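Student: sequence unknown, structure follows:
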């Protein structure tokens with residue numbers, strides 16, 4: 001499934017509160033109980049929510065991400081809008097570092113018409129997408145390949161990236177918490193993302209609405225470490241204030 005805007009908002013409410021009754025969801029979304037139950041059933045069937053008697057909760061925990069196929073379909077339309085906005089901002093003839101994630105893969109698809117890019121990535125899916133563009137060069141990071149999402153992690157990946165200083169580091173993230181911390185689940189992946197941040201002249205973060213107020217175990221950085229944030233929706237409080245304080249330029253990717 002590709003969740004519709006109401007279902008995406010439902011997911012955001014559940015993630016913000018951890019667990020919610022069906023009645024509270026109906027009141028918050030201003031829809032009928034029947035509509036909420038139908039949405040909850042569909043989302044639970046896809047593994048995006050876990051049901052309990054009378055309500056729903058966030059599946060899994062702070063130590064394990066959703067499976068790659070679930071992440072690939074979650075808010076695919078929003079990620080596509082973000083990708084187009086990022087691609088519009090990326091100039092031809094620049095150097096990029098792209099990390100692991102379904103959002104960065106969407107960005108790669110939006111960059112296939114660019115010319116003169118030099119892209120370094122620890123994401124084999126990104127490399128496969130961009131290598132079809134004969135007008136750009138793709139450099140794949142060495143290291144351990146994770147079979148579940150084709151990401152490359154480990155100390156070899158970190159050491160490889162340290163050789164470079166690129167114009168733009170383009171990163172995705174699993175969670176942005178209300179204290180302004182950017183978080184992920186795999187500490188090996190986090191080490192690579194931290195290295196990308198420190199070896200880019202500008203750092204751009206692409207995060208769809210589902211990432212705000214989500215929890216994950218490992219801190220990647222603080223909002224103050226990035227220069228631009230692209231999202232498909234205005235984030236809830238207190239994130240706009242946090243971005244203003246950290247001097248992060250926010251771009252809303254609309255239709």
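Tutor: Ah, there it is. None of the values given here were measured: they were computed from a predicted structure.

Student: Give me the buried positions along stretch 92-100.
Tutor: Residues of stretch 92-100 classed as buried under the neighbour-count rule (16 or more other CB atoms under 10 Å) are 94, 95, 96, 97, 98, 99, 100. In short, each C-beta sits where N, CA and C put it, glycine included.

Student: Hmm, I typed the wrong one, I wanted stretch 136-148.
Tutor: Under 16+ other CB under 10 Å, the buried positions of stretch 136-148 are 136, 138, 140, 141, 143, 146.

Student: Same list (those) but as CSV, adding pLDDT and secondary structure.
Tutor: Shown next, in CSV, are the buried residues of stretch 136-148 (pLDDT from 0 to 100; DSSP: H, G, I helix; E, B strand; the rest coil):
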residue, pLDDT, secondary structure
136, 92, coil
138, 97, strand
140, 97, strand
141, 96, coil
143, 91, coil
146, 86, strand
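
Student: Would you tell me which one of these comes nearest to residue 25?
Tutor: residue 146 (34.4 Å; CB to CB).

Student: Beta-bridge partners for the closest one, please?
Tutor: Using DSSP bridges, the beta-bridge partners of residue 146 come out as residue 151.

Student: so it touches residue 153, yeah?
Tutor: Yes: using CB atoms under 8 Å, residue 146 makes contact with residue 153 at a distance of 6.3 Å.

Student: between the buried residues of stretch 136-148, which is nearest residue 251?
Tutor: Nearest member of the buried residues of stretch 136-148 to residue 251, counting by CB to CB, is residue 136, at 22.8 Å.

Student: Against residue 115, how distant is the closest one?
Tutor: 7 Å (CB to CB, to the nearest Å).

Student: what residues does the host helix or strand of residue 77 touch?
Tutor: Under the criterion of DSSP states H and E, residue 77 resides in helix 76-89. Outside helix 76-89, the residues that touch it by CB atoms under 8 Å, 6 or more residues apart in numbering are 2, 8, 102-103, 106-107, 109-111, 114, 170, 204, 206-209, 228, 230-233, 251, 253-255.

Student: What residues sit buried inside that helix?
Tutor: 78, 79, 80, 81, 82, 83, 84, 85, 86, 87.

Student: what lines up beside the next helix or strand after that helix in the sheet?
Tutor: Heading C-terminal from helix 76-89, the first helix or strand you meet, by DSSP H and E, is strand 95-98. If you go by DSSP bridges, strand 95-98 pairs up with strand 118-121 (parallel), strand 166-172 (parallel).

Student: pLDDT averaged over strand 95-98, what's the number?
Tutor: Across strand 95-98, pLDDT averages out at 98.

Student: any idea which helix or strand of the protein has the worst average confidence?
Tutor: helix 68-73 (a mean of 55; mean pLDDT, DSSP states H and E).

Student: residue ranges for the strands of the stretch 151-255 of the chain, please.
Tutor: Per DSSP state E, counting those that start in this stretch, the stretch 151-255 of the chain carries strands over the ranges 151-153, 166-172, 175-176, 181-184, 200-206, 218-222, 228-231, 249-252.

Student: could these be laid out in CSV, adding distance to residue 58 and mean pLDDT?
Tutor: Listed next are the strands of the stretch 151-255 of the chain as CSV, based on distance: least, CB to CB, whole Å; pLDDT from 0 to 100:
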stretch, distance to residue 58, mean pLDDT
strand 151-153, 23, 92
strand 166-172, 19, 97
strand 175-176, 11, 90
strand 181-184, 14, 94
strand 200-206, 22, 98
strand 218-222, 17, 96
strand 228-231, 20, 97
strand 249-252, 25, 97
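
Student: Quick check: which of those strands is nearest to residue 56?
Tutor: strand 175-176 (18.8 Å).

Student: Does the closest one pack against any helices or strands, and if so which?
Tutor: strand 181-184 (3 or more CB pairs under 8 Å, 6 or more residues apart in numbering; DSSP states H and E).
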